[in-house]
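Undergrad: I'll drop the sequence and a predicted model, then ask my questions.
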Amino acid sequence: MSVDRALASAGGNMCIPEDAVNAAIAWAVKLHFNAPSAETRRAFDTWREAAPAHAAAWQRVQALATDAGRTPNALVADTLRRADAATAARAPGRRRMLAWLAAGGVAALAGKVTYDRAPWQRLLADVSTGVGDQRTLTLEDGTQIVLNTDSAISTAFAREQREVVLRRGEVLVATGADVPAHRPFWVRTPYGSLQALGTRFDVRLDDDGARLSVQEGAVRVHPGGGDRAILAEAGQRWRFDRAGAVPAPASGLRDDSWAQGVIVAEDARLDDLLAELSRYRVGRIACDPRIAAVKVSGIYQVHDTEEALRFLARTHALRITTRARFWISVEPAAA
C-alpha cells in the first residue's frame with residue numbers, strides 16, 4: 001500500500017501526533033527485525049486498534065517498507081532501529097528523529113543513490129509520491145498542486161494564510177483565488193519561502209538549494225526565510241538557498257513539461273537530460289564525459305525511461321550498458 005492510500009484509509013491527511021509516530025517506529029522494530037512472540041503481536045494489535053491516529057501512524061511508518069524493492073532491507077532495519085533509539089533517548093520532536101533516520105541511511109548503505117531515494121521526509125508529509133510516480137491535488141481554496149516523482153508536501157490552511165511545505169522533490173503550483181478571504185499563499189522550503197502573487201510556478205529542491213520557475217504571474221522569494229525579498233516574474237528562473245537568490249540560466253529542459261508526463265528538451269546537454277530521466281527510475285544513469293555536452297532535442301516520456309534511452313541510442317549513436325541492477329552507463333557506440 002502506498003503512503004497516500006494508507007493515509008486515505010486511515011482518515012486522509014489527518015494530523016498524526018508525534019507520540020503515535022514514535023510508538024509506531026518502536027513497534028516496527030519489534031515486529032519486523034526481531035522474533036516477536038504471540039503476546040507481542042497481540043499487544044501491537046491492541047495498540048493499533050486503540051485509536052485512528054495509531055493506525056495512521058503505523059501505516060505512515062510502513063511507507064519505509066513500501067520501498068523494500070528499491071531500498072535494501074538492511075537500510076530499512078538500521079534506519080528504524082536508530083529512530084527507535086532516538087525515541088528511547090527522548091529526542092526532542094520528529095525533526096531530531098528524522099536526523100537519526102538520515103544518519104541511519106548513510107551508515108547502512110554508504111551509498112548516495114539509495115540515500116537520495118529513501119523516503120525520510122514521508123514520515124512528516126501529508127502527501128507524497130514514489131519514484132516515477134506523479135499526483136495532482138486540488139486544495140480547498142481551488143489551488144492545484146502537481147507532485148513530481150519522489151516528492152512530499154504538507155499543507156496548513158489557517159485564517160490568516162495558506163501554507164504548503166515542500167519537504168522533498170518538486171511541485172507545480174497554480175494558486176486558487178481563495179474567494180472571499182484572499183489569504184496569502186506561501187510555499188515553505190528548507191532554503192527559503194515563496195509567496196505566490198496569483199501565479200503558476202514550479203519549485204524544486206536540490207541538495208544545496210532550490211530552483212524556481214515562474215510560468216504565470218509573479219512570486220516573491222525570501223531566501224533563507226529572511227526579510228529580503230526578490231520578485232520573480234513570469235518567464236524567469238531563479239536559484240535560491242539560505243544565503244540569497246540568483247537568476248538561473250535556461251537548461252534546455254522545459255521546467256513544467258513533466259506535469260504532462262514528458263520531458264521536453266530543446267538543445268539540452270545530454271548529461272542534463274540523462275540526469276532528468278534518472279529521477280524517474282531507481283538507480284543511476286551515468287553519462288560518459290566524452291558525450292556529456294552533446295546537444296539533444298525531443299520529447300521523452302517520463303513513465304518509459306527504457307524507451308527514452310533506446311531512442312537516444314538510435315538517434316545519437318550511443319551504447320546503453322547495464323552494469324548492475326540499478327546502474328546504467330551511456331557511452332559512445334564506437335567506444
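TA: Now that the structure is in, tell me what you want to look at. Numbers count the residues shown, from 1 in each chain.

Undergrad: Below-threshold pLDDT in the stretch 151-300 of the chain: ranges please.
TA: Applying pLDDT under 70 to the stretch 151-300 of the chain flags the ranges 225-226.

Undergrad: Repeat the analysis, applying 90 as the threshold.
TA: 177, 179, 181, 198, 207, 224-228, 282-283 (pLDDT under 90).

Undergrad: what are the ranges of the strands in it?
TA: Under the criterion DSSP state E, counting those that start in this stretch, the stretch 151-300 of the chain contains strands at 152-157, 162-168, 170-174, 185-189, 192-205, 210-223, 230-233, 237-240, 245-247, 262-269, 284-287, 295-301.

Undergrad: What strands flank the second one, and is each parallel or antiparallel?
TA: This points to strand 162-168. strand 152-157 (antiparallel), strand 185-189 (parallel) (DSSP bridges).

Undergrad: ok and the shortest one relative to strand 192-205, angle-wise?
TA: Pointing back at strand 185-189 there. Angle, strand 185-189 to strand 192-205, by axes from the mean of the first three to the mean of the last three CA atoms, to 10 degrees: 70 degrees.

Undergrad: what's in contact with strand 185-189?
TA: Residues outside strand 185-189 that contact it (CB atoms under 8 Å, 6 or more residues apart in numbering) are 141, 143, 161-166, 171, 173, 175, 178, 193-196, 203, 205, 210, 225. Quick note: C-beta positions are derived from backbone N, CA and C, even for glycine.

Undergrad: angle of that strand against strand 210-223?
TA: For strand 185-189 against strand 210-223, the angle by the same axes, to 10 degrees is 110 degrees.

Undergrad: quick check, distance from strand 185-189 to the centre of its chain.
TA: 16 Å (CA atoms, centre = their mean, to the nearest Å).

Undergrad: Looks like R211 contacts V203 (just checking).
TA: Yes - using CB atoms under 8 Å, R211 is in contact with V203, at 7.0 Å.

Undergrad: These two: which has the busier surroundings?
TA: Taking other CB atoms under 10 Å, R211 and V203 do not tie; V203 has more neighbours (25 against 18).

Undergrad: Enumerate the beta-bridge partners assigned to the nearest residue to the more buried one once chain neighbours are set aside.
TA: Among residues not flanking V203 along the chain, L212 sits closest, at 5.2 Å (CB to CB, 6 or more residues apart in numbering). For L212, the residues forming beta bridges with it (DSSP bridges) are V203, W238.
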